[in-house]
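Undergrad: quick one, what's the 3D model for this:
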Amino acid sequence: MPDDRTARQLIGYLLFAGAATLATFVVGLTGNAPFQRFFGTLPPLTTVAALAVLGGGALFWLAKNSWIARRPFPRPRLWPQIATVAALLAVPTILVDTAVPFARDINVAPPAGVLFYLAIAQVVEILFHLLPLVALLWIGSRLNPATAAPQRIYWIMAIVVASLEPGFQLMADQQADIPAWRNTYLVLHLFAFNLVQLALLRRDGFAATITFRLSYYLVWHILWGTFRLEMSFLPLA
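TA: Numbering: from 1, shown residues only. Predicted coordinates for the structure are as follows:
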């Protein structure tokens with residue numbers, strides 16, 4: 001059985017996981033098109049629910065073994081700071097988008113987009129953070145357990161994990177004639193973004209790191225995303 005502190009961490013996780021699963025169900029009532037880009041032919045509701053279970057197991061292992069904070073939510077004064085920093089990080093990406101636009105189909109418009117990004121944020125955190133962290137930390141802690149420093153191991157593995165989403169996004173961006181500087185920006189920006197998230201996960205727990213991503217999504221995908229879909233500079237494909 002998990003101790004009280006680990007159990008409280010899982011409570012915070014389950015609130016977000018439940019919201020993501022419910023959001024996926026609601027989007028599915030009007031069609032699963034937004035998820036097909038990421039899941040292909042996999043059923044979205046089953047996929048999100050299964051990942052939520054796997055993510056819960058991963059989070060339990062990380063918290064139980066003291067790799068991450070066990071608190072369910074960040075301290076109250078940190079909520080506005082987390083949201084503000086994440087929102088500000090979206091600003092340079094918006095500027096890049098106006099100079100060398102990203103593809104039109106990277107955004108899902110509201111109202112479905114609000115629920116979609118709530119769900120996909122959970123999926124991304126599980127696939128790109130929780131599951132890889134468990135695998136790498138389990139291996140790393142056993143390479144030389146007698147002398148290994150836990151904090152050092154965590155940050156070595158965090159650097160590797162922070163590289164996963166930038167790599168995925170770079171491979172997914174199939175636009176032609178993209179200047180090298182935009183790809184360089186995308187990789188460095190997303191690497192820094194993920195590293196900040198992993199720092200929040202270790203210090204303040206899962207709720208802090210997913211709040212950081214959702215705040216970024218609110219500005220980049222929902223607010224700016226709604227506006228950019230109406231702008232003439234966007235490419236058609």
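Undergrad: quick one, helices of the protein?
TA: Under the criterion DSSP state H, helices of the chain are mapped to 4-29, 33-39, 44-64, 78-99, 112-125, 131-143, 150-162, 164-172, 180-204, 206-217, 224-228.
Undergrad: low pLDDT regions in the chain?
TA: Along the chain, the parts satisfying pLDDT under 70 run over 1-5, 144-149, 174-176, 232-237.
Undergrad: coming back round to it: I'd like to know which of the helices of the chain is closest to Ile106.
TA: Comparing the helices of the chain by their distance to Ile106 (Cβ to Cβ), the top pick is helix 224-228, with 7.8 Å. Yep, even glycine has a C-beta here, placed from its N, CA and C like the rest.
Undergrad: okay, buried residues for the closest one please.
TA: Of the residues in helix 224-228, Trp224, Gly225, Arg228 count as buried by neighbour count, 16 or more other Cβ atoms under 10 Å.
Undergrad: export the residues you listed to TSV and tack on distance to Thr47?
TA: Converted to TSV, those look like this (distance: Cβ to Cβ, whole Å):
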residue	distance to Thr47
Trp224	27
Gly225	23
Arg228	28
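Undergrad: between these, which is nearest Phe39?
TA: Nearest to Phe39 among those, with distances taken as Cβ to Cβ, is Gly225, at 19.9 Å.
Undergrad: and the nearest residue to Val48 once chain neighbours are set aside, how far is that from Ala17?
TA: For Val48, the nearest residue in space outside its immediate sequence neighbours is Thr24; the separation is 4.4 Å by Cβ to Cβ, 6 or more residues apart in numbering. Noted for Thr24: a distance of 11 Å to Ala17, by Cβ to Cβ, to the nearest Å.
Undergrad: have a look at those two and say which one is more surrounded.
TA: Thr24 (27 against 24; other Cβ atoms under 10 Å).
Undergrad: pull the contacting residues for that one.
TA: Thr24 is in contact with Phe35, Pro44, Leu45, Val48, Ala49, Leu115, Ala119, counting by Cβ atoms under 8 Å, 6 or more residues apart in numbering.
Undergrad: okay, now the closest residue to Ile120 other than its chain neighbours: neighbour count?
TA: Leaving aside its sequence neighbours, Ile120 sits nearest to Phe38 (Cβ to Cβ, 6+ apart; 6.8 Å). The local packing of Phe38 (other Cβ under 10 Å) involves 15 other residues.
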